[in-house]
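J.: Here you go, sequence then predicted model.
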Amino acid sequence: MSAVLIEQENHTLTVTLNRPEKRNAVNCEVMCRLYDAWRDLDSNDDLRVAILTGRGDTFCAGMDLSEIPKLRSGKPENEFMERVMKEPAVIYGAWLKTDRPGKPVILAAEGFARAGGTEILQGTDIRVAGESAVFGVTEVQRGLFPMAGSAVRLRRQIGYAVAAEMLLGGEDLPARRALELGLINHVVPDGEALSKAKEIAERLSSNGPLAVRGILATLRETETLAEEEAFVIEQQHGMKVMSSEDAAEGPRAFLEKRPAQFKGR
């Protein structure tokens, strides 16, 4: 069975890590399939949002450490490892560090999300966790560096002091504390994270797709800019949306008291 399950329902792409016997640790096959899923999300006009989750009672234990010496050897054991060696962009694209899709990605996490499990979380846009979920950037405990972006992103998402303690100590952060810090959006009863994520995905999918993408792009592109510079980028994305057919359809549907029929143009 594939190490990543891909399912499309209406406008939502659900991407499920499928190595429960390995606590959904990421190997080369997972990286390749994740990378391709994010590319498909961008290229398929029928898709408007994605959900990332894990099969079983664990979201993701991070990188499968048994893959690291194999990659260092330079001798690929399978087609996926060969691809990763030849296309380094696959690695960081899979982890949502670089080349992120231009459509929202919602995280649905149960159990624990450690190391790469919390690193990839930071590349998603809306995050849901089960009550018992825990998060942690644990690489330092293995003498490793969190290469998927946490040393840069985490302090921007939850503040310097807490990020420093997480990164340098490698300790777990319970779901409720992660919610307080703004690292995640929702905490739900165990087993209901995916259901809540689907509810959010349905809500996002009903909105104007051009507006969603324009707002998302503005959020990302202006993160570290001064307000004056950020407004230039906001104006560019905003005017593109406001001149679209969807921007005419939305108000018209409101006045006619009917659901809008957005076409993404």
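T.: Nice, I can see it. Numbering: from 1, shown residues only.

J.: contacting residues around residue 58?
T.: By C-beta atoms under 8 Å, 6 or more residues apart in numbering, residue 58 lies in contact with 20, 23, 24, 110, 111, 112. Just so you know, the C-beta spots here come from the backbone N, C-alpha and C atoms, and that holds for glycine as well.

J.: Among these, which lie within strands?
T.: Among the contacts of residue 58, DSSP state E puts residue 112 in strands.

J.: Select from the contacts of residue 58 the one having the most neighbours.
T.: residue 24 (28 neighbours; other C-beta atoms under 10 Å).

J.: ok, so what distance separates that one from residue 143?
T.: Distance of residue 24 to residue 143, computed by C-beta to C-beta, to the nearest Å: 23 Å.

J.: now do residue 162
T.: Residue 162 is 23 Å from residue 143, where distance means C-beta to C-beta.

J.: what about the two, which has more around it?
T.: residue 162 (18 against 6).

J.: After whichever strand or helix holds the more buried one, which helix or strand is next?
T.: Remark: residue 162 resides in helix 160-169, with elements defined by DSSP states H and E. Once the chain leaves helix 160-169, the next helix or strand it forms, by DSSP H and E, is strand 173-174.

J.: That next one pairs with which strands, and in what direction?
T.: Note on strand 173-174: by DSSP bridges, its sheet partners are strand 134-136 (antiparallel).

J.: Any buried residues in the partner strand, and which?
T.: By neighbour count on 16 or more other C-beta atoms under 10 Å, the buried set for strand 134-136 is 134, 135, 136.
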